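Attaching a predicted model along with its sequence, questions to come.
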Amino acid sequence: MKLKNLKLGIRSSVISLALLCLISVSGCSLIGGGAEGNDCSWVSPIFISPDDTMTDRTVEQILAHNETWKEVCN
């Protein structure tokens with residue numbers, strides 16, 4: 001009886017480990033065919049219109065975004 005319980009415990013552990021691996025790997029999959037190199041098609045620099053009202057913090061955030069875009073996507 002103990003051997004049967006041990007086999008059942010090992011089997012359920014292996015199945016749990018396999019499911020955990022599958023769940024972990026599926027988080028890395030790409031939807032829509034994947035990317036070539038880095039996929040920057042979803043992001044672009046932020047452009048400022050003359051009609052925009054800007055605070056110093058907004059300017060800092062836009063500059064940080066655009067600099068990051070330049071480093072990663074160009």
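Cool, got the structure.

which residues in the chain form helices?
Ranges of helices in the chain, per DSSP state H, are 2-26, 56-73.

ok, and what's touching the shortest one?
Applying C-beta atoms under 8 Å, 6 or more residues apart in numbering, the set of residues contacting helix 56-73 from outside is 38, 40, 43-46, 48. For the C-beta atoms, the positions are set from N, CA and C on the backbone; glycine is no exception.

7 Å instead, please
38, 40, 43, 45-46, 48 (C-beta atoms under 7 Å, 6 or more residues apart in numbering).

mean confidence for that helix?
Computed over helix 56-73, the mean pLDDT rounds to 94.

And it, what's buried?
residue 62 (16 or more other C-beta atoms under 10 Å).

C-alpha coordinates for it, PDB please?
Output of helix 56-73 as PDB, limited to C-alpha atoms (Å, rounded to 0.1, in the frame of the first residue of the first chain):
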ATOM      1  CA  ASP A  56       8.100  70.600 -16.200                       C
ATOM      2  CA  ARG A  57       7.200  67.100 -15.100                       C
ATOM      3  CA  THR A  58       5.400  66.300 -18.400                       C
ATOM      4  CA  VAL A  59       8.300  67.500 -20.400                       C
ATOM      5  CA  GLU A  60      10.700  65.300 -18.300                       C
ATOM      6  CA  GLN A  61       8.400  62.300 -18.900                       C
ATOM      7  CA  ILE A  62       8.100  62.900 -22.600                       C
ATOM      8  CA  LEU A  63      11.900  63.300 -22.900                       C
ATOM      9  CA  ALA A  64      12.500  60.100 -20.900                       C
ATOM     10  CA  HIS A  65      10.100  58.200 -23.100                       C
ATOM     11  CA  ASN A  66      11.600  59.500 -26.400                       C
ATOM     12  CA  GLU A  67      15.200  58.800 -25.200                       C
ATOM     13  CA  THR A  68      14.200  55.300 -24.300                       C
ATOM     14  CA  TRP A  69      12.500  54.800 -27.600                       C
ATOM     15  CA  LYS A  70      15.600  56.100 -29.400                       C
ATOM     16  CA  GLU A  71      17.900  53.600 -27.500                       C
ATOM     17  CA  VAL A  72      15.600  50.600 -27.900                       C
ATOM     18  CA  CYS A  73      14.000  51.100 -31.300                       C
END
